[in-house]
Every structure is written in C-alpha cells, then in structure tokens.
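S.K.: here are the coordinates; sequence isn't available:
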C-alpha cells in the first residue's frame, strides 16, 4: 500500500529532572487549624518534558540548561513564605497553584521548539503531590 500522506510519529520522548528545596506557607480558608499557621515543607519539584522529535544533537532538550533554569527559578522560593510573594497574591498557596505557577514560569524560560508538553509535579512531603501540565502541541515554546 502506498501512502501519500506523511505519518506523524506515534511515540514520544520524555526527559525528567527533580530538585528539592524548603519553603514556608500557611493555608487560608477551610484548612485545618495547624495548616493555617506558618510552617515549612521540603518540596520536591519534578519537571517532565515531552516531544516527538529530537534536536540536531539528538536531544529532546539540553538537560543542563533545564536544570539551570529550574535552579534559578526555585532560588526565588527557597526559604521564603509563599503567601508573601506576588505570584500568590489572592491565592491559597496550595501545591496545585504552585505547580501551575512553576510550570508557566519555566515554560517562559525554555527555548525548545520541539517540545509538545511540560509537566511540573510538586511534592509537599513524601505523600502528597499535585501537577500541572502545559500542552504545546498547537504552539511552540
């Protein structure tokens, strides 16, 4: 059978990195009383990048570059109280909001046109995480 339409790749590549840091927050609204007091968390941030093609060097992305951007980004939160930062103004500093904020900020820093998606998973301790996934299928990073 002859195909006159080029097939799109069916698979995709993914690379991931993670980094830990400590920050504080306090929750607002219907949170438990202990969560309404300022407290610290050892956060773990996992970054996953996806794409169906590699660049000319055979990489999806330059991991060293992604690590550098993530390190710079997380330095803005290290040992800070999230509630006091402008990006959390009028927001409960939940891990759901935090994952979106980090995903959008990292997306703005990356220059990798072959990416299809960026996912940020934020762990708040060993048992709880939230993630935000930004899809680039219709737009370039």
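M.R.: Looks like it arrived, so ask away. In this text the structure is predicted, and so the values were computed from the model without any measurement. Residues are numbered from 1 along each chain as shown.
S.K.: show me the strands in the protein, by range?
M.R.: 13-25, 39-51, 117-124, 129-135 (DSSP state E).
S.K.: mind putting these in JSON lines, mean pLDDT and mean neighbour count included?
M.R.: Yep, even glycine has a C-beta here, placed from its N, CA and C like the rest. Below are those laid out as JSON lines (pLDDT from 0 to 100; neighbours: other C-beta atoms under 10 Å):
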{"stretch": "strand 13-25", "mean pLDDT": "97", "mean neighbour count": "15"}
{"stretch": "strand 39-51", "mean pLDDT": "97", "mean neighbour count": "18"}
{"stretch": "strand 117-124", "mean pLDDT": "97", "mean neighbour count": "20"}
{"stretch": "strand 129-135", "mean pLDDT": "97", "mean neighbour count": "16"}
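S.K.: just the endpoints, please. Distance across stretch 113-126?
M.R.: 34 Å (C-alpha to C-alpha, to the nearest Å).
S.K.: my bad, stretch 77-88
M.R.: 11 Å.
S.K.: what about that stretch, average pLDDT?
M.R.: Averaging pLDDT along stretch 77-88 gives 97.
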